[in-house]
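curious how this folds, go ahead:
(2 chains)
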Amino acid sequence: MAELTMVQAINLALEQEMEKDDSVHVLGQDVGVDGGVFRVTDGLLKKFGEDRVMDTPLAESAIVGMSVGMAIAGLKPVCELQFSGFSYFAFHQLEGQAARMRWRTRGRYNVPMVCRMPYGGGVRALEHHSESREAYYAHTPGLKMVIPSGPRNARALLVSAMRDPDPVIFFEGKAIYRAFKEEVPDEEETIPLGESQIAREGDDLTIITYGAMTHRTLEAAEKLAEEDGIEAEVIDLLSISPLDDEKLSESVRKTGRVVIVHEAHRSFGPGAEIIARINEKSFYYLEAPIQRVTGYDVITPYFAREQDYIPDVARIVTGARQAMAD
Amino acid sequence: MPRKKIKLEHSIEYLSILDEKGKPDKDLDPKIDKDTLLRMHRTMLLSRRFDEYQLRWQKQGRIGTFAPAKGQEASQVGSIAAVEDDDWMVPSFRETSVALWRGTPMSGLLLFNAGYNEGGEIPEGQNDLPISIPVASQITEAVGIAYAMKMQKKDRLVVSYFGDGATSEGDFHEALNFAQVFNTPNIFICQNNQWAISVPREQQTESRTLAQKALSYGMPGIQVDGNDPLAVYTATREAAERARKGDGPTLIECVTYRLSVHTTADDPGKYRDEEEEEKWEEWDPIPRFQQYLKDRRILRKKDIDSLEEEIDDEVKSAWDEVEEQIESLGDPLVMFDHLFEERPAYLEEQRQTMKQYREDKNG
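From the prediction side, this is the model:
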């Protein structure tokens, strides 16, 4: 057991899996000598050599396309795109090849690859470096979409993703890469993809969130308990697709009140789908309209104004009070 | 010395072995064995007749849009015949002759063209990728597969196909660059058929050849007469030898011509004149190859006649087979298969909804 940041925990997952399974390859820009721009792959080159830790030329589409080919032919590539804002160069490879290969060939080929990329704001970065566009991938049939919220679950989810027989998009919140440490056991842990976790138990209100927003949401939940005596249940989704409908239903049916918090843009964002699922399965248990606390439908602003865009504790508390008021 | 010349040695080899009439350059003739030559000829002819039947069936509404290979049979067969059966093949969407050479049943191709993705199933043991419709998108996959072969120390290379238009796509350049940087066993076959739908080769790029694009990646490139199966074969064979020795990838530009439509949704009359088509008809790869085979006394006229009859029956019976298959493929629920190894709950729910809806509708 060691206290690790999320960067270190992801590194641990990669290292242990590469040790265990020599078909796992890491590839991307600057992932070798430099250890990745966020140092997530630090030390791997030295340990596993340049055949398995591949510093590639600067081309997102080929990084993903090459990974698809490697996966078809029996390797397990884990590719890194430097920022999710650059993943659109590779979007057609993810949508047009990775996601479709199993279906197109009626199961003859599958694509066991993981595409890791940092997402989200909060680190005072440049344009294209701060977005939260998980909806693109969650909307695409054939892809799984995973977003951990901290070191321990990041490690466990990445191990599951690397062992998954299908392509997984793995978003890593930049704001929580090094924000805090957690105990991460040395021995292997996995979390099934599609399974959420209850980050805080409560009976009055369900707050659904994921990724970096989980921490602000938990803070907001404490504030609600202190100031309003409201006990909020916080669900940390972990997987955006598949969504853990079951756990959402259970909680919603218990509390009857729901707030969804995400950094992603509001319109057609994950929250919209979550509301639709709740309506389909648990509408009659609801006691109030579901509230959304999200990023706005604007280009994610430059960093001087990014904190006004990203939901903060006060906005989450306001959303929760609104959900309790009706 | 603020200014000086950096000397670059640039030249592209051009290879042609058969002349217009099918007479070979004796020194360059790769002397392919008789069985292989006959198989190459048969595949080219089958591909041509299959295209012709499919055009008819498309007009009758039996199948949907497809891209005929007419005119490009030598580029396709000449290249695929030069590699081993267990090498990998990554097609774009016009490689009918390649598919037939590899053993893909005509019924499968027809079924695919009739709108059933069961037709895209690749026979077990055949290391082929399915057709890839977005232009150039498949070339990066070919590099990934080749890298995997290298890592797994398998003596297999990857032949991938694309057209002249693809050389304008970013993925083409990214793929070639990656292949050279990682020194992968790839053979890139560019079928320069002169037209990317309505855009002519000269408007696609100002480069004098497409083969020379390899040079900017430090890769060997060669231009061949793509309507000459012997030239295509020779260039591919050499590329294969290099790849197997660990000397990396090659780009081969096959100069050919799309004698037919881009796809059945296209009308070339709108953008090119018949004169040009007639000129290229004279370079039709099939009669040239037949002349060569006749001159070498490998094939006689009566052999061709009986082969034509055999092929005619084969194509027609492939359709009969497909008609039978289609009758058993009514169940649209298969669209929910093979998205993931295990079907997640939300998909199963949607599948059940469709199932219920169909049961209610059909009473």
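
part of a strand, is B:Lys154?
No. B:Lys154 is assigned coil when assessed by DSSP: H, G, I helix; E, B strand; the rest coil, not a strand.

so how far is A:Met113 from it?
Taking C-beta to C-beta, to the nearest Å as the measure, B:Lys154 falls 20 Å from A:Met113. In this view, the C-beta of every residue, glycine as well, is placed from N, C-alpha and C.

what is the one helix or strand B:Thr140 maps to packed up against?
Element membership for B:Thr140 (DSSP states H and E) is helix B:139-151. In terms of contacts (3 or more C-beta pairs under 8 Å, 6 or more residues apart in numbering or on different chains; DSSP states H and E), helix B:139-151 is packed against helix A:60-72, strand B:88-90, strand B:158-163, helix B:170-181, strand B:186-192.

for the first one, the distance to its chain's centre please.
Centre-to-centre, helix A:60-72 and its host chain are 21 Å apart (C-alpha atoms, centre = their mean, to the nearest Å).

can you give me the strands in the stretch 201-326 of chain A?
Ranges of strands in the stretch 201-326 of chain A, per DSSP state E, counting those that start in this stretch, are A:205-209, A:232-236, A:239-241, A:258-265, A:291-295.

make that chain B, sorry
Secondary structure of chain B by DSSP state E: the strands cover B:13-15, B:88-90, B:158-163, B:186-192, B:195-196, B:199-200, B:221-225, B:250-255.

export those to TSV and tack on mean pLDDT, distance to A:Val123 and mean neighbour count?
TSV is the format used below for those (pLDDT from 0 to 100; distance: least, C-beta to C-beta, whole Å; neighbours: other C-beta atoms under 10 Å in any protein chain shown):
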stretch	mean pLDDT	distance to A:Val123	mean neighbour count
strand B:13-15	98	52	14
strand B:88-90	98	40	28
strand B:158-163	98	40	29
strand B:186-192	98	39	30
strand B:195-196	96	43	22
strand B:199-200	96	44	14
strand B:221-225	98	44	25
strand B:250-255	98	42	28
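
would you turn those strands into JSON lines with distance to A:Thr140?
Formatted as JSON lines, those follow (distance: least, C-beta to C-beta, whole Å):
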{"stretch": "strand B:13-15", "distance to A:Thr140": "44"}
{"stretch": "strand B:88-90", "distance to A:Thr140": "22"}
{"stretch": "strand B:158-163", "distance to A:Thr140": "24"}
{"stretch": "strand B:186-192", "distance to A:Thr140": "28"}
{"stretch": "strand B:195-196", "distance to A:Thr140": "28"}
{"stretch": "strand B:199-200", "distance to A:Thr140": "30"}
{"stretch": "strand B:221-225", "distance to A:Thr140": "36"}
{"stretch": "strand B:250-255", "distance to A:Thr140": "32"}
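
any chance of JSON lines for these, columns distance to chain A?
Listed next are the strands of chain B as JSON lines, based on distance: least, C-beta to the nearest C-beta, whole Å:
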{"stretch": "strand B:13-15", "distance to chain A": "27"}
{"stretch": "strand B:88-90", "distance to chain A": "7"}
{"stretch": "strand B:158-163", "distance to chain A": "8"}
{"stretch": "strand B:186-192", "distance to chain A": "10"}
{"stretch": "strand B:195-196", "distance to chain A": "18"}
{"stretch": "strand B:199-200", "distance to chain A": "20"}
{"stretch": "strand B:221-225", "distance to chain A": "19"}
{"stretch": "strand B:250-255", "distance to chain A": "16"}
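
tell me the contacts of whatever residue of the stretch 151-300 of chain B ends up closest to chain A?
Nearest residue of the stretch 151-300 of chain B to chain A (C-beta to the nearest C-beta) works out as B:Glu174 at 3.6 Å. By C-beta atoms under 8 Å, 6 or more residues apart in numbering or on different chains, the contact set of B:Glu174 is A:Pro57, A:Ala59, A:Ser61, A:Ala62, A:Gly65, B:Thr140.
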